[in-house]
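Using only what follows, build the 3D model:
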Amino acid sequence: MPKQIHRRHFLQSAALGAAAAPSWAAATPKRPNFVVIFLDDSGFADFHPFGNPSYPTPNAVKLAGEGCRFTNFHVPQAICSASRSALMSGCYPGRTKVFGAHGPRARGLDPSFATLGNVMQSAGYKTAVFGKWHVGDQPDTRPPARGFDESCGLMYSNDMWEYHPQHPENYAKYPLQFWENGKVIIERVTPADQTTLTTRYTEHAVDFIRRHKESPFFLYVPHSMPHVPLFCSDRFKGKSGAGLYGDVMMEIDWSVGEIMKALKEAGVEENTLVLFTSDNGPWTSYGNHAGKTPYREAKGTSFDGGTRSACTVRYPGKVKAGISSTRYWSSVDVLPTFAKLAGASLPANPIDGRDVWPLISGKPGARNPHEYYPFSNGPNFEGVVSADGRWKLHLPHNYRVLVKAGNDGAAGEYRQEKIGLSLFDMEKDPFETTNVLDQYPKVAARLQKIAERHKQQFFAPIALGNRGFR
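Numbers count the residues shown, from 1 in each chain. Presented below is the predicted three-dimensional model:
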């Protein structure tokens, strides 16, 4: 379908949704609010109680105690723009052709694909994004044009600037800028400005909650940290006793606490779903400036160290508190799940996510509505996982392995390796160590057929216009 038709259909859908909002409000006067806190390159084990870091994270612990910890939550591609685009659109990277990490002025997610902001806005929600966008840096792909009433932050990663330690020349033409509501308010972000990012995002989030407590809202807080280069405010510098990375994580934990406190003071915490997770696994090349994961490899690979992110969902009375779940689901499922809870219409464009509320809410006997989940790296399709999360099939592909970690902000060294056709029993072997292809030929054959079908639909032939690599 031509892109202009996609746009027209979505605008028609949005208009209908907005017109219908009063009747929805009358039928369900307490539609839930939604808060998504999305970290950048945080490792699975960076917060208690998912891991046991040496620094305290009391607000993450409190959030987990009041919600459900999901230990099998995944993103379809473990790189910034691809991951964020999947969350915002409910679509796999193979559909949107948003791969890797996009640089300044990149097109990003084409407007023919609706965002979560569009969907919630069309249902009468107030919407805001405060943080790192990284889903497009052109007038019609920045937040004000993509369904967000309010916005502030960076349009791409905080290392894409003139101070880049290896490649400053790549970004000299486009200085890193700080935007607010469609206007640049800091023309050239400095190291001093970076120390204020987490605080700025948090203050905007708190203010937004206070001003919109009487109407349903969707608040998206995609932090720039702990992506390198690491920065934190003076109040947290040296506080962790675990180096700069620990300081940064403690400031993010503080931010979680401030947002939760604002919800409580506004009287809306009982009617707000909060989702706290990361865009992908840690960028381990940066050593003591990177997070940790117990799983194989890390960011930039399709092993679970890259795609599996710690995730907490809190929704009092709807999600059982203080428990942990191994049920498998994905960031592409967030859009349709939130839409169902909000009474919002799905966009006219095709999406890949499904409503997984029965899984999130812990409904007895609930099954994942997907047949499988695909995973990719850049424009390369690399395999599939069964919807229950047990079986993971890697197609033959190259991947990077860390040889030597960097230190204090310097990158380390990788080497390239190759994995052949491999089947892993993730229930017994979550670290992807033992290929059981020969022991389970029927399972492998079934997943190979699924993978071939997915490849033909999404990757053959492939459009290369939105490539990005980190």
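
Only C-alpha atoms from now on, for both contacts and neighbour counts.
Noted.

State the number of residues packed around Lys183.
13 (other CA atoms under 10 Å).

Bridged to it, which residues?
Taking DSSP bridges as the rule, Lys183 bridges to Glu180.

Could you measure from it over to Met155?
Distance of Lys183 to Met155, computed by CA to CA, to the nearest Å: 12 Å.

how many other residues sit next to the residue lying closest to His204 once chain neighbours are set aside?
Closest residue in space to His204, ignoring its immediate chain neighbours: Phe130 at 6.8 Å, by CA to CA, 6 or more residues apart in numbering. For Phe130, the neighbour count with other CA under 10 Å is 31.

Report the contact partners of the closest residue to Asn271 other than its chain neighbours.
Computed as CA to CA, 6+ apart, the closest residue to Asn271 that is not its neighbour in sequence is Pro32, at 5.2 Å. Shown in contact with Pro32 (CA atoms under 8 Å, 6 or more residues apart in numbering): 216, 271-273, 341-342.

Val129 should be in a strand, yeah?
Yes - under DSSP: H, G, I helix; E, B strand; the rest coil, Val129 falls within a strand.

Neighbours of it, how many?
As a burial measure, Val129 scores 27 neighbours (other CA under 10 Å).

Quickly note the distance from it to Thr115.
Using CA to CA, Val129 is found at 12 Å from Thr115.

again with Asp253
Here the criterion is CA to CA. By it, Asp253 lies 27 Å from Thr115.

what do you get for Phe148?
Here Phe148 is placed at a distance of 9 Å from Thr115 (CA to CA).

same thing with Pro49?
Distance from Pro49 to Thr115, counting by CA to CA: 31 Å.

which of those two has more neighbours?
Ranked by neighbour count (other CA under 10 Å), Pro49 and Thr115 place Thr115 first, with 25 against 17.

Give me the pLDDT value at the more buried one.
Turning to Thr115, the model gives it a pLDDT of 98.

For it, give me its contacts.
Going by CA under 8 Å, 6+ apart, Thr115 touches 88-90, 146-147.

For Ala405, what are phi and psi?
Reported as degrees, to the nearest 10, the phi and psi values for Ala405 are phi -80, psi 150.

what do you get for Tyr163?
Dihedral pair for Tyr163: phi -100, psi 10, per degrees, to the nearest 10.

Which of the three states applies to the closest residue to Glu269 other than its chain neighbours?
Take Glu269 and drop its neighbours on the chain: the residue closest to it by CA to CA, 6+ apart is Leu263, 4.8 Å away. Three-state call for Leu263 (three-state DSSP): helix.

So Leu263 is in contact with Asn271, correct?
No - taking contacts as CA atoms under 8 Å, Leu263 lies outside contact range of Asn271: 9.3 Å.

ok, those two, which is more surrounded?
In this view Leu263 and Asn271 are compared by other CA under 10 Å, and Leu263 has more residues nearby, 21 against 18.

Read off the pLDDT value for that one.
pLDDT, Leu263: 98.

before we move on, what about Lys404?
Looking at Lys404, its pLDDT stands at 98.

who's it bridged to?
Bridge pairing for Lys404 - DSSP bridges - gives Glu413.

How is this structure divided into domains?
Using automatic domain parsing, the domains assigned to the chain come out as 30-365, 374-458.

Buried deepest among the ones you listed, which one?
Most buried of the domains of the chain, by mean neighbour count (mean count of other CA atoms under 10 Å): domain 30-365, with a mean of 22.

Now the terminal residues of that domain, how far apart.
28 Å.

residue ranges for the strands of the stretch 101-250 of the chain, please.
With strands called from DSSP state E, counting those that start in this stretch, the stretch 101-250 of the chain shows them at 126-130, 150-153, 178-180, 183-186, 217-222.

Tabulate those strands (TSV), appending distance to Gln194 and mean pLDDT.
Formatted as TSV, the strands of the stretch 101-250 of the chain follow (distance: least, CA to CA, whole Å; pLDDT from 0 to 100):
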stretch	distance to Gln194	mean pLDDT
strand 126-130	14	99
strand 150-153	11	98
strand 178-180	10	98
strand 183-186	11	98
strand 217-222	15	99
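
Gly100 is nearest to which of the ones you listed?
strand 217-222 (17.1 Å; CA to CA).

Partner strands of that closest one, with direction?
Using DSSP bridges, the strands paired with strand 217-222 are strand 33-39 (parallel), strand 126-130 (parallel).

Let's have those in CSV, adding distance to Arg69.
Compiled in CSV, the strands paired with strand 217-222 are given as follows (distance: least, CA to CA, whole Å):
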stretch, distance to Arg69
strand 33-39, 14
strand 126-130, 24
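
Quick one, which of those strands gets closest to Ala451.
Using CA to CA, the strands paired with strand 217-222 put strand 33-39 closest to Ala451, at 29.0 Å.

which element follows that closest one toward the C-terminus?
Next helix or strand after strand 33-39 toward the C-terminus (DSSP states H and E): helix 58-66.

could you dump that next one to CSV, C-alpha only?
What follows is helix 58-66, C-alpha atoms only, in CSV (Å, rounded to 0.1, in the frame of the first residue of the first chain):
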residue,chain,number,x,y,z
PRO,A,58,15.7,1.2,46.6
ASN,A,59,13.1,2.7,44.2
ALA,A,60,13.5,-0.1,41.7
VAL,A,61,13.2,-2.6,44.5
LYS,A,62,10.0,-0.9,45.8
LEU,A,63,8.6,-0.8,42.2
ALA,A,64,9.3,-4.5,41.9
GLY,A,65,7.7,-5.2,45.2
GLU,A,66,4.5,-3.4,44.1
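
center of this protein - which residue?
Nearest to the geometric centre of the chain sits Asp279, at 3.4 Å (CA atoms, centre = their mean).

my guess is that one meets Arg84, correct?
Yes - at 6.6 Å, Asp279 counts as touching Arg84 under the criterion of CA under 8 Å.
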